[in-house]
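1. Any chance you can model this:
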Amino acid sequence: MKALEFAIAWRYLRSRRGSRLLSLISVIAIGGVLVGVSALIVIMGVMNGMQRDLREGILVGSPDLRVLPYGSDMRMPAYAELLKRVREEPGVIAAAPFVQTQGLVSNLGGYRVGAQVVGIVPAGQPGDNVTTIRQHAILGDFSFVRDSVSLPGAVLGKLLASKLNAFPGDTVVLLGAAGLEMNAGTGMIVPRADSVIVSGVFESGMYEYDDSYIYLSLAAGQRFAGYGTDVTGIEVRSADRWSAPMLADSLRARLESSVYIRDWQEQNRSLFQALKLEKLGMSIILLLIVLVAAFNIVSTLTMVVADKTREIGILRAMGMPAKSIRRIFLYQGFVIGAVGTGGGLVLGLSVGVLLEKYRLIELDPSVYFIDHLPVFIQPLDVLMITAASVAIAALATLYPANQAAKLYPVEAIRHE
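-> Residues are numbered from 1 along each chain as shown. Next up is the predicted model:
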């Protein structure tokens, strides 16, 4: 019986002589589901890709955890014992002190630009793997030395180096607020000036880092910031990035000192929360497309019921039960939903792969922090979209299927 029901449902979906409209509206209903599903897959893939690329880009130069001192001066004195205790904590892969401050960097031509000045341990020393920034050197390296040159080395972001026209071997001047002195003759405040030699250039792919960051050795950073032997804090790399919040709680309980600990999610909470909210909003808006497609299914099947009323009456008179009539139209809705969902999956996945592989849509990195529209399609998202689409299509068939099942045989046969 089920094979007969499905065969009748398939026949009702196809066009017949003198009534091609039904086949057209079936195609429109399928097309509505297809567009909704494909749009959902692509947009959710784009939002996932934005989150992934921004997260990975930020964590190139930002550690999983930062141990920082309380207070406005942001200085951590006598950090050696604290660093030792942090390194002993289970789950800590690496830890190292760092210095971070702001300043101006000037080339020998006098062009100045603001920069974030960061002092880190040189490559090859304990803790040099806290972040992956050292792996992104495209010229020179992070050893902060230059053969036969006594000046401290500095590694500049690619965009910053281009603005200063400074490359390995060139000298730049750092201007900072540490140790400000007043010129007795002019009464003007003279900033601290340190000459450094460019020992390397890095490219992280993150606009903020490439455009404004300059890295020094820890000792050179301490001297430029006027910290003496103090540091800004301690950077920590965890065994698992996603367990960083739990590691932070464990360190808080272990250290019991005047420090606070921030994991990578806390450091960028506003950005990631905004992306999550945007993803949710876009998903809800695009889900409305699938709901509109569901109304198309309702109208399509309702028109089929009206057109096939006499045939339904004949089938009932021949002994076909009402539940079989109901299943005929449920099968029709299922076919529309399944074909539309399947087509939407193929189209959405294809568009997503093409966007990611060939980087078809370029973005301004100064605005979006990334240079192209990324797409990262998660299997769970695809599964949820598929289930939602099929469920909505199935629900849309209930009303017209019940209406068809309620038709009385004699009245249906007499229907004009």
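2. So for stretch 231-241, what gets flagged as buried?
-> By neighbour count on 16 or more other Cβ atoms under 10 Å, the buried set for stretch 231-241 is 231, 232, 233, 234, 235, 236, 237, 238. Heads up, the C-betas are built off the backbone N, CA and C, glycines and all.
3. out of those, who's nearest residue 380?
-> Checking these against residue 380 by Cβ to Cβ gives residue 238 as the nearest, at 24.2 Å.
4. Which residue comes closest to residue 278 once chain neighbours are left out?
-> residue 47 (6.6 Å; Cβ to Cβ, 6 or more residues apart in numbering).
5. The one you found contacts residue 275, doesn't it?
-> Yes: using Cβ atoms under 8 Å, residue 47 is in contact with residue 275, at 6.7 Å.
6. These two: which has the busier surroundings?
-> residue 47 (22 against 17; other Cβ atoms under 10 Å).
7. Show me what the host helix or strand of the more buried one is packed up against.
-> Assigned by DSSP states H and E, residue 47 falls within helix 21-61. Applying 3 or more Cβ pairs under 8 Å, 6 or more residues apart in numbering; DSSP states H and E, we find helix 21-61 packed against helix 2-13, helix 207-212, helix 269-307, helix 322-358, helix 379-405.
8. can you list those in CSV and add distance to residue 103?
-> Shown next, in CSV, are the helices and strands packed on helix 21-61 (distance: least, Cβ to Cβ, whole Å):
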stretch, distance to residue 103
helix 2-13, 71
helix 207-212, 11
helix 269-307, 25
helix 322-358, 38
helix 379-405, 44
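9. Out of the ones you listed, which gets nearest to residue 88?
-> helix 269-307 (28.4 Å).
10. Remind me which helix or strand residue 176 belongs to.
-> strand 171-182.
11. Hmm, I typed the wrong one, I wanted residue 193.
-> Going by DSSP H and E, residue 193 is in strand 189-202.
12. mind saving the C-alpha coords of that strand as CSV?
-> Taking C-alpha atoms only, strand 189-202 is exported to CSV below (Å, rounded to 0.1, in the frame of the first residue of the first chain):
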residue,chain,number,x,y,z
ILE,A,189,59.6,68.1,28.1
VAL,A,190,62.0,65.8,26.2
PRO,A,191,60.8,62.2,25.7
ARG,A,192,63.1,59.2,26.1
ALA,A,193,64.8,58.2,22.9
ASP,A,194,66.3,54.8,22.2
SER,A,195,67.9,53.8,18.9
VAL,A,196,67.4,50.3,17.8
ILE,A,197,68.3,48.4,14.7
VAL,A,198,65.7,46.4,12.7
SER,A,199,66.6,42.8,13.1
GLY,A,200,63.4,41.3,11.6
VAL,A,201,60.0,41.8,10.1
PHE,A,202,56.9,39.7,10.9
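13. angle of it against helix 21-61?
-> 120 degrees (axes from the mean of the first three to the mean of the last three Cα atoms, to 10 degrees).
14. Residue numbering should commence at 111 henceforth.
-> OK, 111 is where the count begins now, so the last one is strand 299-312.
15. and strand 299-312, which residues are buried?
-> Quick answer for strand 299-312 (16+ other Cβ under 10 Å): 302, 304, 306, 307, 308, 309, 310, 311, 312.
16. Quick check: can you list the domain ranges of the chain?
-> By the assignment in automatic domain parsing, the chain contains the domains 112-168+381-524, 173-376.
17. Pipe these into CSV and attach mean pLDDT per row.
-> Converted to CSV, the domains of the chain look like this (pLDDT from 0 to 100):
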stretch, mean pLDDT
domain 112-168+381-524, 83
domain 173-376, 89
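18. So residue 408 is in contact with residue 512, correct?
-> No: taking Cβ under 8 Å as the definition, residue 408 is not a contact partner of residue 512, at 11.7 Å.
19. give the contact list for the most centrally placed residue in the chain.
-> The chain has residue 161 as the residue nearest its centroid, 1.2 Å off, counting by Cα atoms, centre = their mean. Counting by Cβ atoms under 8 Å, 6 or more residues apart in numbering, residue 161 touches 382, 385, 386, 389, 486.
20. The fourth one reaches residue 157, doesn't it?
-> What that stands for is residue 389. Yes: assessed by Cβ under 8 Å, residue 389 is found in contact with residue 157 at 3.8 Å.
21. same for the strand ranked longest in the chain, what does it pack against?
-> Longest strand in the chain, counting residues (DSSP state E): strand 202-217. Applying 3+ Cβ pairs under 8 Å, 6+ apart, one finds that strand 202-217 makes contact with helix 190-198, strand 222-230, helix 268-274, strand 281-292, helix 328-335, strand 343-348.
22. That concludes my questions; thank you for your assistance.
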